[in-house]
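Student: Below is the structure, and that's it, no one-letter string:
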């Protein structure tokens, strides 16, 4: 069974929505672009969702750490 998690990001000017399933973090930015990041542990998703600044957390711990690919917005997991 694959665990799915999804969250709107409140107060961020960079990130609108994040989702995580099967170690893939998907990030929807306010500019409409979406990217998927591979091999991201659930703990990193949780820390991003709970951070005071999602943009700073993303830039420090995700952007250059995990391999990524562009994904269409419909690939986002939303509940």
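Tutor: Done, it's in. Treat the numbers as computed from the prediction; the structure is a model and nothing was measured.
Student: can you confirm residue 19 is in a helix?
Tutor: No - Residue 19 is assigned strand when assessed by DSSP: H, G, I helix; E, B strand; the rest coil, not a helix.
Student: Give the bridge partners for it, please.
Tutor: Beta-bridge pairing for residue 19 (DSSP bridges): residue 6, residue 26.
Student: Surely it is in contact with residue 34?
Tutor: No - with contacts counted by C-beta atoms under 8 Å, residue 19 stays clear of residue 34, the gap being 9.7 Å. Where C-beta positions appear, they are placed from N, C-alpha and C, glycine not excepted.
Student: Which parts of the protein are strands?
Tutor: Under the criterion DSSP state E, the chain contains strands at 4-8, 15-21, 24-29, 34-38, 68-70.
Student: how about these in TSV, adding mean pLDDT and distance to residue 51?
Tutor: Formatted as TSV, the strands of the chain follow (pLDDT from 0 to 100; distance: least, C-beta to C-beta, whole Å):
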stretch	mean pLDDT	distance to residue 51
strand 4-8	90	11
strand 15-21	95	10
strand 24-29	94	13
strand 34-38	94	15
strand 68-70	89	19
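Student: Need the winner for burial among these.
Tutor: Across the strands of the chain, the average number of neighbours (mean count of other C-beta atoms under 10 Å) peaks for strand 24-29, which reaches a mean of 22.
Student: can you list contacts of that one?
Tutor: 14-20, 34-38, 40, 44-45, 48, 58, 62, 66, 71, 73, 75-77 (C-beta atoms under 8 Å, 6 or more residues apart in numbering).
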